[in-house]
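1. show me how the following folds:
(one chain, ligands or ions: 1)
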Amino acid sequence: MRILKGSNLVTHTSLSGKLVYLSILFIFISDFMQATLDLMAASPAFFIGFVFIISLMVGSFLNVLIYRLPVMMERTWQAEIAEYSASQGQSTPNSTKQETFNLVKPDSTCPKCQHKIRSWENIPVISWLLLKGKCSQCKNPIAVRYPLVELATALLSTWVAWHFGFGLAGFAAVVATWLLIAMTFIDLDTMLLPDQLTLSLLWLGLLLSIGSPFVSSHDALIGAAAGYLSLWSLYWAFKLLTGKEGMGYGDFKLLAALGAWVGWQHLPVVILLSSFVGAVVGITLLTVQGKDKSQPIPFGPYLAAAGFLTLLYGDWIVAQYWQWLGL
Ligand SMILES: [Zn+2]
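-> Predicted structure coming up:
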């Protein structure tokens with residue numbers, strides 16, 4: 001009886017002790033965050049530097065996301081097919097239980113020698129330079145794309161932070177930039193635009209429009225619907241005329257998301273910019289590399305780039321256009 005009481009007392013005090021620690025930690029963290037935010041509001045240089053460092057680290061995470069998200073999607077599809085086959089009473093060769101594979105597990109390894117990447121080998125850009133672009137174990141080259149994605153994420157985010165300055169618009173546009181970079185590379189690699197990314201960008205744009213950092217909710221909502229419908233109708237017109245599929249549903253969702261960010265008024269800018277750059281790059285690839293005409297070219301990267309530029313310079317581009325027309 002006494003022992004039981006004692007053990008109860010111990011758990012009780014350790015629990016309240018933990019709560020005290022947690023609340024001190026919470027106060028410390030919230031004070032620290034408040035101080036950081038105050039400093040960013042007071043000093044544009046600190047804000048831009050902060051975005052640069054954070055975005056370098058995010059770029060490192062984007063490398064993981066770009067590689068793993070399509071693999072995770074494929075595994076989900078396989079599991080669904082296996083489940084369906086099983087429900088139909090068919091044998092399922094692929095139904096063997098798969099190992100955990102998500103954005104955190106398993107740990108990153110060298111694809112050649114399976115050497116586990118240690119934390120000092122995972123510092124954005126710097127580790128790649130220190131390792132001279134080679135695995136520390138087997139000395140096989142590490143793709144230069146990894147540091148380039150990290151650097152591109154940091155530089156584009158810094159550009160956005162500098163353009164919008166400290167505030168809701170700046171933070172929101174930086175997050176949109178991260179999502180667009182992830183979509184660009186996933187589409188280039190796999191011709192997929194995951195719903196997890198396109199729909200996140202769409203919802204984020206719609207919810208943000210409540211505070212109108214870029215456009216009003218009214219313009220964002222019409223922009224999202226018009227973005228989706230314009231590519232959707234183009235897709236069906238093209239399919240009915242030629243019997244071919246010119247693009248995918250991911251592209252419609254991405255343009256819907258961009259419409260929510262830039263508003264319906266700037267959708268024509270996104271469409272014209274992406275088609276123009278897409279056509280130039282497409283024709284260049286056809287002539288330089290002699291790529292097969294029937295081979296599909298992902299449209300997502302052009303939409304993403306056009307959306308990014310329109311978010312930053314949409315008003316300026318439209319003004320230039322009217323001036324050029326002499327109006
Ligand atoms: Zn290796």
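
2. which pLDDT value belongs to the spatially most central residue of the chain?
-> By CA atoms, centre = their mean, the chain has its centre lying nearest to residue 179, at 2.2 Å. Looking at residue 179, its pLDDT stands at 98.

3. one more: the one 5 residues further on?
-> At residue 184, the predicted lDDT confidence score is 96.

4. repeat for residue 68
-> At residue 68, pLDDT is 95.

5. do a quick rundown of the helices in the stretch 1-150 of the chain.
-> Secondary structure of the stretch 1-150 of the chain, counting by DSSP state H, counting those that start in this stretch: helices at 2-42, 44-87, 126-130, 145-164.

6. for the third one, packing partners?
-> Secondary structure elements in contact with helix 126-130, counted by 3 or more CB pairs under 8 Å, 6 or more residues apart in numbering; DSSP states H and E, are helix 145-164. Placement of C-beta: from N, CA and C, glycine included.

7. can you check the first one too?
-> Applying 3+ CB pairs under 8 Å, 6+ apart, one finds that helix 2-42 contacts helix 44-87.

8. how about residue 217: what's its closest non-neighbour residue?
-> residue 209 (4.3 Å; CB to CB, 6 or more residues apart in numbering).

9. same check on residue 150?
-> Nearest residue to residue 150, sequence neighbours excluded (CB to CB, 6+ apart): residue 59, at 3.5 Å.

10. which of the helices of the stretch 1-150 of the chain sits most buried?
-> Mean neighbour count (mean count of other CB atoms under 10 Å) peaks for helix 145-164 among the helices of the stretch 1-150 of the chain, with a mean of 20.

11. can you pull the buried residues of the helix or strand following it?
-> Sequence-wise, the next helix or strand downstream of helix 145-164 (DSSP states H and E) is helix 168-190. Within helix 168-190, the residues that count as buried by 16 or more other CB atoms under 10 Å are 169-187, 190.

12. and what of stretch 211-221?
-> Under 16+ other CB under 10 Å, the buried positions of stretch 211-221 are 213-215, 219-221.

13. I'd like the average pLDDT over it.
-> Throughout stretch 211-221, pLDDT has a mean value of 95.

14. put the alpha carbons of it into CSV.
-> The C-alpha trace of stretch 211-221 is given here as CSV (Å, rounded to 0.1, in the frame of the first residue of the first chain):
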residue,chain,number,x,y,z
GLY,A,211,-6.4,39.0,-45.8
SER,A,212,-5.9,40.1,-49.4
PRO,A,213,-2.0,40.3,-49.3
PHE,A,214,-2.1,39.9,-53.1
VAL,A,215,-5.7,39.8,-54.4
SER,A,216,-9.2,39.9,-52.8
SER,A,217,-11.1,36.6,-52.1
HIS,A,218,-13.5,37.5,-54.9
ASP,A,219,-10.7,37.7,-57.5
ALA,A,220,-8.9,34.6,-56.0
LEU,A,221,-12.1,32.4,-56.2
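
15. which residues of this protein lie near the ion?
-> 110, 112-113, 115, 135, 137-138 (CB under 5 Å from the ion).

16. do that again at 8 Å, thanks
-> Residues of the chain found near the ion (CB under 8 Å from the ion) are 110-115, 135-140.

17. from these, list the buried ones, please.
-> 110, 135-136.

18. make TSV out of these and add pLDDT.
-> Formatted as TSV, those follow (pLDDT from 0 to 100):
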residue	pLDDT
110	89
135	93
136	91
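
19. out of those residues, which is nearest to residue 127?
-> Ranked by distance to residue 127 (CB to CB), those are led by residue 136 at 9.3 Å.

20. leaving out chain neighbours, which residue sits closest to that closest one?
-> Closest to residue 136 by CB to CB, 6+ apart is residue 121, at 6.1 Å.

21. no further questions, thank you.
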